[in-house]
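> sequence and predicted structure below; questions after.
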Amino acid sequence: MPKKTVAKSTPPTARRSPCPVACALDLFGDKWTLLIIRDLFLGRARFRDFIESPEGIPTNILSDRLERLLDGGVVEQIPAADGSKRLAYQLTDKGMALRPVLRCIRDWGLKWEQGTSANLEKA
């Protein structure tokens, strides 16, 4: 079985400041990355799964964001569940720690953004 690709955290020298908010936003503060993390919580794991999300992330941006999440230690690559040679993605402990953040954003959106809905059981 192929070995897991273990991600590393962003080195302090690559950060624009020591502010924890700035560091977090550097990792996942664009309009796509938290959606990828959301999809991982919802059970998506393969590149094609992320492409099928309703937001329609372009493939070049998806590749870039997955690489950023790998480098930041938020996700890791694992063998695909179907036994193919392709790899899948899963959240690391660092990535799993974002669950309450996503729940708060979800709850805020449900309260303040008219017409929103969410799958409350999985997230």
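Alright, I've got the coordinates.
> hey, let's count contacts and neighbours off CA atoms from now on
Will do.
> tell me the contacts of the residue lying closest to S17 once chain neighbours are set aside?
Distances taken as CA to CA, 6 or more residues apart in numbering put C23 closest to S17, at 7.2 Å, once the chain neighbours are dropped. Contacts for C23 (CA atoms under 8 Å, 6 or more residues apart in numbering) come out as 15-17.
> would you mark the buried spots in the helix or strand containing C23?
Assessed by DSSP states H and E, C23 sits inside helix 20-28. Using 16 or more other CA atoms under 10 Å as the test for burial, helix 20-28 gives 23, 27-28.
> what about the residue nearest the centre of the chain, which SS state?
Geometric centre of the chain, nearest residue: I37, 2.5 Å, by CA atoms, centre = their mean. Going by DSSP: H, G, I helix; E, B strand; the rest coil, the secondary structure assigned to I37 is helix.
> ranges for the strands of this protein?
75-79, 87-91 (DSSP state E).
> so what does the first one touch, helix or strand wise?
When contacts are defined as 3 or more CA pairs under 8 Å, 6 or more residues apart in numbering; DSSP states H and E, strand 75-79 packs onto helix 59-71, strand 87-91.
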